[in-house]
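S.K.: Sharing a sequence plus its predicted fold:
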Amino acid sequence: MHTRKWLRLVLSAGLVALQFATPVLGNGGGYVKGLASSGAFKPLNIEQVQMLSEKLDIDLHIEHAEIRIEYVLHNPGPKVTVEAGFPSAVAVDPYGEVDAEPMTMKQLATKLPLEAFELKADGKSVKTTIKSDDLKLDSVESLPSDGEDGGIKVKAWHIFKLDFAQGQTRKVTVKYRNPYFGSYMYVSDDSRISPLTLTYLFSSAGAWNGPIKQGSVTVKAVTANPNLIQFSHPKRFERDGNTWRWLFTDFEPTLEDDLVITTRPLCFGQSVYNQNPNGEVEDYSRTEYVGWGAVKNYEGKMGGKWELHRYDYKATASSTLAPGSGLRYDPQLLAEDDSDSGSSAWVEGAKGDGIGESVTLTLAQPAKLSRIGIANGYTKSEDIYLKNNRVARLDVSINGGKSFPVEVPDERLTSELFYFDLPAPEESVVSVKLTIAAVYKGTKYSDTALSEVVLVSPLEKEPKIRASR
């Protein structure tokens, strides 16, 4: 769970907008983000062309998926021009930043295209245009909004035209980046975070002439945790390590066949603020109770698997980039959120790429740790993230012992963290040392950054959670 940056977020351009009303929950708020659904394209005007095959490849990352699809289409009839569309439904917070005016429909329209959407026919790029829609998808769950029932609506189509000669067969490829759909809500110190989901609309292919003759779906956990992944139709898939495959023939998809992949379960959390006796940096430190799969209902029952996420450490570094232009880069920022001032990362200060530089996190009292979560790089913006170095490999040492390597993905995370397990849960941890062993090169600067580190203690039983203030 990642609750360090509780802001109302507006996703970058390249997203279809749904007009979700951000829940206002007393002394709190929330936001909705991500691509709610996408799917196989369908013809809008004719039903003459057949879909001979569909090959769908999905690479699952921590906060997004990379989608690649290959279609083989056949026209058994006379010459025809097909107008078809690729659907998308995306949720963003229409209210933007806190206290900002709601976005107008014109502003929302600027977010229509899918991220990095590319369509080719027989290897050549095909021009697409955006057409708005208001098609409700009962197969995709969402929060109710403005008194309406839950459900996602397709708000746009990527429209294109293809010419087919009589008897012609054409290969069409589509690829795009798909941010997961999720809602993040909080009341005072409580947080309620929905599962992260990816939905692919097989049903949108139902308008083609006849069934899909044959096809395959391959899902690979690239940086997503493979042990957390769930499918809406689990019996269709066979797992081989971090890869799942489903082969089908004569498939006539309906709404029931839409594929929903969950990459991270829902959770409930509560922050606990602890007074710091030394008064350094801030007058408190923070820990968070996090229950994966926990749901707090009106009786206060939650369930789930619980952890304590610890930010109650003192951070020291072998070097730190000197402050400038009102920004600071000291290691204690790994446990804090000073993003309002623009300071939100530890940046090493040595010459070169920072290989061998380290940060040490020291707990006030020994604690059992099972895993560690990090946000790599300088995550304040995509531009700053890419301009600076990111960590490619860390050498991790517990209590000054022998270090072990951890490969770190090059992904800018805004709401989630990359977690890695300790080789064996450590019963009595006082310090954790993270040493930069390799980096992903920045496009402009040689400084290497980390934005957040959380130390995770497993809990044997559900904690007693106090009522929200």
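M.R.: Perfect, I can see it now.
S.K.: Surely T287 touches V272?
M.R.: Yes. If you go by C-beta atoms under 8 Å, T287 and V272 touch, sitting 4.9 Å apart. The way it works is simple: take the backbone N, C-alpha and C, and place the C-beta from them, glycine included.
S.K.: and stretch 432-452, how far out from the chain's middle?
M.R.: Between the centre of stretch 432-452 and the centre of its chain there are 21 Å (C-alpha atoms, centre = their mean, to the nearest Å).
S.K.: tell me which residues of it are tucked away?
M.R.: When burial is assessed from 16 or more other C-beta atoms under 10 Å, stretch 432-452 yields the following buried residues: 432-437, 439-440, 442, 445, 447-452.
S.K.: Now do the same for the one residue sitting closest to the centre of the chain: its pLDDT.
M.R.: Within the chain, one residue has its C-alpha closest to the average C-alpha position: by C-alpha atoms, centre = their mean, that is E63, at 1.8 Å. The predicted local distance difference test score for E63 is 95.
S.K.: cool, and P423?
M.R.: Confidence score, pLDDT, at P423: 87.
S.K.: Same question for Y31.
M.R.: Confidence at Y31, expressed as pLDDT, is 67.
S.K.: Residues in contact with stretch 395-413: which ones?
M.R.: Where contact means C-beta atoms under 8 Å, 6 or more residues apart in numbering, the residues beyond stretch 395-413 that reach it are 2, 61-63, 222-223, 369, 372, 374-377, 379, 382, 385, 390-394, 418, 420, 422-423, 426, 428-435, 437, 440.
S.K.: Filter those residues down to the ones in strands?
M.R.: Counting by DSSP state E, the contacts of stretch 395-413 place 369, 372, 374-376, 390-394, 418, 420, 422-423, 426, 428-435, 437, 440 in strands.
S.K.: PyMOL command to pick out the buried ones of those residues?
M.R.: Selecting just the buried residues from the ones in strands among the contacts of stretch 395-413 in PyMOL takes one command, with 16+ other C-beta under 10 Å as the test:
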select buried, resi 369+372+374+375+376+390+391+392+394+418+422+426+429+430+431+432+433+434+435+437+440
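S.K.: how near is the residue lying closest to Y180 once chain neighbours are set aside to E252?
M.R.: Once flanking residues are discounted, Y180 sits nearest to L196: 4.1 Å by C-beta to C-beta, 6 or more residues apart in numbering. L196 sits 30 Å away from E252 when distances are taken as C-beta to C-beta, to the nearest Å.
S.K.: neighbour-wise, which of these two wins?
M.R.: Looking at L196 and E252 with other C-beta atoms under 10 Å, you find the greater number of neighbours at L196, namely 25 against 12.
S.K.: Y184 is in contact with that one, correct?
M.R.: No. Here L196 lies out of contact with Y184, judged by C-beta under 8 Å, at a distance of 10.4 Å.
S.K.: Tally up the residues packed near the nearest residue to L162 once chain neighbours are set aside, please.
M.R.: Take L162 and drop its neighbours on the chain: the residue closest to it by C-beta to C-beta, 6+ apart is V82, 4.9 Å away. Burial measure for V82: 21 neighbouring residues, criterion other C-beta under 10 Å.
S.K.: So V82: helix, strand or coil?
M.R.: Classification of V82 by DSSP: H, G, I helix; E, B strand; the rest coil places it in strand.
S.K.: what about this protein, any weak spots by pLDDT?
M.R.: 1-29, 31-32, 35, 44-46, 89-113, 133-155, 275-284, 297-301, 337-342, 467-469 (pLDDT under 70).
S.K.: Just give me the neighbour total for I58.
M.R.: 21.
S.K.: wait, it sits on I261?
M.R.: Yes. Shown here, I58 and I261 form a contact pair, counting by C-beta under 8 Å, at 7.3 Å.
S.K.: Can you pull the residues that touch both of the two?
M.R.: 65, 198, 200, 219.
S.K.: Which one of those residues is nearest to P331?
M.R.: Distance to P331 across those (C-beta to C-beta) is lowest for A65, with 32.9 Å.
S.K.: Next, count neighbours for P234.
M.R.: Once other C-beta under 10 Å is used to define contacts, P234 is seen to have 10 neighbours.
S.K.: Now do it against P195, distance only.
M.R.: To P195, P234 is 15 Å away according to C-beta to C-beta.
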